[in-house]
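Participant: Below are the sequence and a predicted model; questions follow.
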Amino acid sequence: MLARQWFPLVRADDPLAKPRQVVLLNLRLAVYRMPDGMRIGRDMCPHRGLPLSSGRIEGEELVCAYHGLRFGSDGQCRLVPEKLAPKTADCFRITAFPAVERHGLIWTCLIPEDETWMPSIPSSAGTSPLDGAISIFKLSIEPLGDSQKELALNELHRLLKEMAFGGMPNSLLSSET
């Protein structure tokens, strides 16, 4: 069910000079900017499994850091270095996910039913509610039952609401360094 939801991964104005790894629902994703827009793919080279986030962008291609396989914007391998012959580029493809820019963020969905649907985020007084700092929360809900997951998410939403209207919540402040 969660894989059918849309999740924000990075800010739309992030230059992403190199690919970045983002973990979503225990799936490692590589988020990177190509000349024609943002791309999101499984963070694993289909050749030897090295994280593509450790690679680089050269022109219009994502280059794997291990053997130098080159992938185009569509995820298809464009070049396999000669030393790997007789394998052909047609054998390799990155599992790709939609990358949609809305509300100043790049969103994705692991099992998109409708790529045009996006959550509505209200704005107030002409400013985006997402302006300013973005906080990252690590929330492990796997071992919880369904009703407990809802309670955990309710607490996260409460904390986010406090932060939006009054800074860092007291429950997250600590005197420890």
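Facilitator: Arrived safely. Residues are numbered from 1 along each chain as shown.

Participant: List the strands paired with the longest strand seen in the chain, with their directions.
Facilitator: In the chain, taking DSSP state E as the definition, the longest strand is strand 27-34. In the sheet, strand 27-34 lines up against strand 20-24 (antiparallel), strand 37-42 (antiparallel) (DSSP bridges).

Participant: who's in contact with the closest residue to residue 71 other than its chain neighbours?
Facilitator: What sits nearest to residue 71 in space, not counting adjacent residues and going by Cβ to Cβ, 6 or more residues apart in numbering, is residue 62, at 4.6 Å. C-beta coordinates here come from the backbone N, C-alpha and C atoms, glycine included. Shown in contact with residue 62 (Cβ atoms under 8 Å, 6 or more residues apart in numbering): 19, 30, 32, 34, 39, 41, 52, 55, 56, 70, 71, 94.

Participant: just to revisit the earlier point, so which of the strands paired with strand 27-34 is nearest residue 1?
Facilitator: Set against residue 1 and scored by Cβ to Cβ, the strands paired with strand 27-34 come closest in strand 20-24, at 14.2 Å.

Participant: Give me the mean pLDDT for the closest one.
Facilitator: Confidence for strand 20-24, expressed as mean pLDDT, is 94.

Participant: what's in contact with that strand?
Facilitator: 7, 9-10, 28-32, 43, 51, 53, 108, 110.

Participant: Identify each buried residue in it, please.
Facilitator: For strand 20-24, burial by neighbour count (16 or more other Cβ atoms under 10 Å) applies to 20, 22, 24.

Participant: Likewise for stretch 21-37?
Facilitator: So, applying 16+ other Cβ under 10 Å, buried residues of stretch 21-37: 22, 24, 29, 30, 31, 32, 33, 34.

Participant: In TSV: these, plus distance to residue 100.
Facilitator: Below are the buried residues of stretch 21-37 laid out as TSV (distance: Cβ to Cβ, whole Å):
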residue	distance to residue 100
22	15
24	14
29	14
30	17
31	13
32	15
33	14
34	15
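
Participant: biggest separation within the residues you listed, which pair?
Facilitator: Going by Cβ to Cβ, the pair spanning those furthest: 24 and 34, at 19.7 Å.

Participant: rewinding a little: which of the contacts of strand 20-24 lies closest to residue 82?
Facilitator: residue 51 (23.9 Å).

Participant: Apart from its chain neighbours, what residue comes closest to that closest one?
Facilitator: Nearest residue to residue 51, sequence neighbours excluded (Cβ to Cβ, 6+ apart): residue 43, at 4.9 Å.
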